[in-house]
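Student: Let me see the structure of the following:
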Amino acid sequence: MSGNRTVRRIALATALSALAVTAPAGSSATAAPAPAGDRAADVPTRSGRTDSAVDRVADFYGSYLDAVTDDGRGALAQALRAHYLTPELRARLANWEQRQHADGVLRAQDTPTAWRVTYNDSAMGRAWTRVRLTWGGPEQPRHTHLLVTSDLNTLRISDIQPGTEQ
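Tutor: Next up, the predicted model:
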């Protein structure tokens, strides 16, 4: 067993020595390499603003789908609803879910594989965004659409309705 441990130590020492030689002076050995040339356009980028109703809807749906996919409709999903949705909407969703036996945020029993949020309109203190949910695999994706209303003063989601593709 000690022979195996010695081999691992030698391999680790060799790898660290090679890293020290190849890393530029003053750089961190744990820093990720920068994208090279043409690959920079292929690197996924996400951004957002804390004062954007559209970004808040995108943040909610991204986080909510992660929570539901990872842990089911448990405490984290409920906490996200409490943070992002108005109390009135949460009450309406609870009634809808009891009647429909489905998730009111998604308007479905299953969990989609992807989401996309697009600005639609704004007026009278409200913003409307379109949410496209993707179901199934990349070979034959299916889409459903939601129209989401946000209050521009609080940036909380105040309504979720079935939408149409535009």
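Student: From now on I want contacts and neighbour counts done on CA atoms only, so please keep to that.
Tutor: Will do.
Student: Let me know the secondary structure of residue 127.
Tutor: strand (DSSP: H, G, I helix; E, B strand; the rest coil).
Student: Quick check: which ranges of this structure have low pLDDT?
Tutor: Along the chain, the parts satisfying pLDDT under 70 run over 1-40, 166.
Student: Show me the residue at the heart of it, geometrically.
Tutor: When Cα atoms, centre = their mean is applied to the chain, the residue found nearest the centroid is residue 62 (2.3 Å).
Student: number of nearby residues for the residue nearest to residue 137 when sequence neighbours are not counted?
Tutor: Nearest residue to residue 137 in three dimensions, chain neighbours excluded: residue 113, at 7.6 Å (Cα to Cα, 6 or more residues apart in numbering). When counting by other Cα atoms under 10 Å, one arrives at 15 neighbours for residue 113.
Student: how about the helices in the chain?
Tutor: Taking DSSP state H as the criterion, the chain carries its helices at 2-22, 53-71, 75-84, 87-100.
Student: returning to that earlier point: thinking the residue nearest to residue 137 is in contact with residue 141, fair?
Tutor: No - the criterion here is Cα atoms under 8 Å, and residue 113 misses it with residue 141 at 9.2 Å.
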